[in-house]
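Novice: got a predicted structure plus its sequence, pasted below:
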Amino acid sequence: MERLGRPTIHISLTDKERATLQRWARRHSSAQALALRSRIVLASAEGRTDREVAAELRVNPVTVSKWRHRFAADRLEGLCDAPRPGAARTIGDDVIEAVLVDTLESAPPDATHWSTRGLAKKHGISHDTVAEIWKAFGLKPWRQDSFKVSPDPDLVEKVRDLVALYMSPPVAAAVFAVDEKPQIQALDRTAPTLPMLPTTPQRATHDYERNGTCDLFAALDMASGKVITDIRSKHTSEEFVAFLGLIDRNVPKDLDVHIILDNLSAHKAPKVKNWLLRHRRFHLHFTPTYGSWTNMVERWFSALTTKKLKRSAHRSVKELAADIKAWAAVWNEDPKPFVWHKTAEQILERLAGYCAAINQGN
């Protein structure tokens, strides 16, 4: 006989509670536990059972029941962690605030950012304490990311065009993300690579011999994930036209062909334009300037580099080309399409945030 268990507690929310929970549900990695609990309560308030909520959020039904009951008893305060047993905190809020302000708004006279020991010396605390404060607030002063805002005057239109191709491709058409990976080097280590052993990683010499280069053309079919490849000794407009011909031969004649590619001059040369006049079913869509991240074939190039090229050795260009072709053939046996998730509005909103931050800094 199936156990019915405790009856599910009904959850109803005030407008203020719902707004607070929605805000908590968007928390970043430093508060994912609270974000999950908020999503559990929001889903429970829609009248779903514990099992339905658990299946949607991929958690145990017991977890859903726990936070449903905790919220019903203590409301929003019930979702926060209770104080843990242990020694009382010896660092006051004023010290924590001072560490955070210095970390975010100042720098030592001899460096561009604070170290744990430098900040600990200034505030008379241990460097372990500084490290714990940084960890609690997700601060990593030693790291720096980079960004580049595209100056393309048609940025908005291009982003919307490309995202539409990825998320809502046209009917009776094939969509390809196309690019070249130029100057792939055939590198051979100066000594044989030592195999991995227990407790010891694979080891290779840091120096290598160069044995020539080749250029890889690739067209990623966004629907199937299959890739059309061609290897050439250079990547001029003549080679690009030849690659377009290869794509043409591999796509059924009754389909239009939409090509996503970057702004390389070889892609806009007179030879290419003349070829397009003779092949009216081909339509080119250019990425924004400095916008190679919008071309999904770059993701395939990344897989090729990390899974094959980075740790391979080749004694000739011919050997390198054969290895690339073999890897691409294996990929096409079980292709995995890459899926674009962000809408054009989400991307443009993020770019607007960068621009606002830059203008505010100036």
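Specialist: Thanks, I have it.

Novice: and Val159, what element?
Specialist: Secondary-structure assignment from DSSP states H and E places Val159 in helix 155-167.

Novice: ok, and what's touching that helix?
Specialist: Applying C-beta atoms under 8 Å, 6 or more residues apart in numbering, the contact partners of helix 155-167 are 152, 175, 222, 258, 260, 285-289, 291, 294, 296, 340, 342-344, 347-348, 351. Bear in mind the C-beta positions are built from the backbone N, C-alpha and C, glycine included.

Novice: pLDDT weak spots in the stretch 51-200 of the chain?
Specialist: Applying pLDDT under 70 to the stretch 51-200 of the chain flags the ranges 81-89.

Novice: sorry, back to before: out of the contacts of helix 155-167, list just those in helices.
Specialist: Using DSSP state H, the subset of the contacts of helix 155-167 located in helices is Ala344, Ile347, Leu348, Leu351.

Novice: what residues sit buried inside the helix holding Val159?
Specialist: Leu155, Lys158, Val159, Asp161, Leu162, Val163, Leu165, Tyr166 (16 or more other C-beta atoms under 10 Å).

Novice: got it, and stretch 55-74?
Specialist: Buried residues in stretch 55-74, defined by neighbour count with 16+ other C-beta under 10 Å: Val59, Thr63, Val64, Ser65, Trp67, Arg68, Arg70, Phe71.

Novice: contacting residues around the last one?
Specialist: Going back to what we said before, that points to Phe71. Here Phe71 is in contact with Ile11, Val41, Ser44, Gly78, Leu79 (criterion: C-beta under 8 Å, 6+ apart).

Novice: from these, list just the buried residues.
Specialist: Restricting the contacts of Phe71 to buried positions leaves Ile11, Val41, Ser44, Leu79, with burial counted as 16+ other C-beta under 10 Å.

Novice: quick one: the biggest strand by length in the chain to helix 155-167, angle?
Specialist: Counting by DSSP state E, the longest strand found in the chain is strand 173-189. Inter-element angle recorded for strand 173-189 and helix 155-167: 90 degrees (by axes from the mean of the first three to the mean of the last three C-alpha atoms, to 10 degrees).

Novice: if we can go back for a sec, now tabulate the buried ones among the contacts of Phe71 in a markdown table and tack on distance to Val53 and secondary structure.
Specialist: Formatted as a markdown table, those follow (distance: C-beta to C-beta, whole Å; DSSP: H, G, I helix; E, B strand; the rest coil):
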| residue | distance to Val53 | secondary structure |
| --- | --- | --- |
| Ile11 | 10 | coil |
| Val41 | 9 | helix |
| Ser44 | 6 | helix |
| Leu79 | 15 | helix |
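
Novice: need those in TSV (columns: distance to Leu139).
Specialist: TSV is the format used below for those (distance: C-beta to C-beta, whole Å):
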residue	distance to Leu139
Ile11	35
Val41	29
Ser44	34
Leu79	25
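
Novice: what is the nearest of the residues you listed to His123?
Specialist: Closest to His123 out of these is Leu79 (32.4 Å), distances taken as C-beta to C-beta.

Novice: so what are the domain limits for this protein?
Specialist: Annotated domains of the chain cover 15-79, 93-136, 155-191+206-344 [automatic domain parsing].

Novice: a markdown table for those domains, including distance to Arg143?
Specialist: Listed next are the domains of the chain as a markdown table, based on distance: least, C-beta to C-beta, whole Å:
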| stretch | distance to Arg143 |
| --- | --- |
| domain 15-79 | 14 |
| domain 93-136 | 9 |
| domain 155-191+206-344 | 20 |
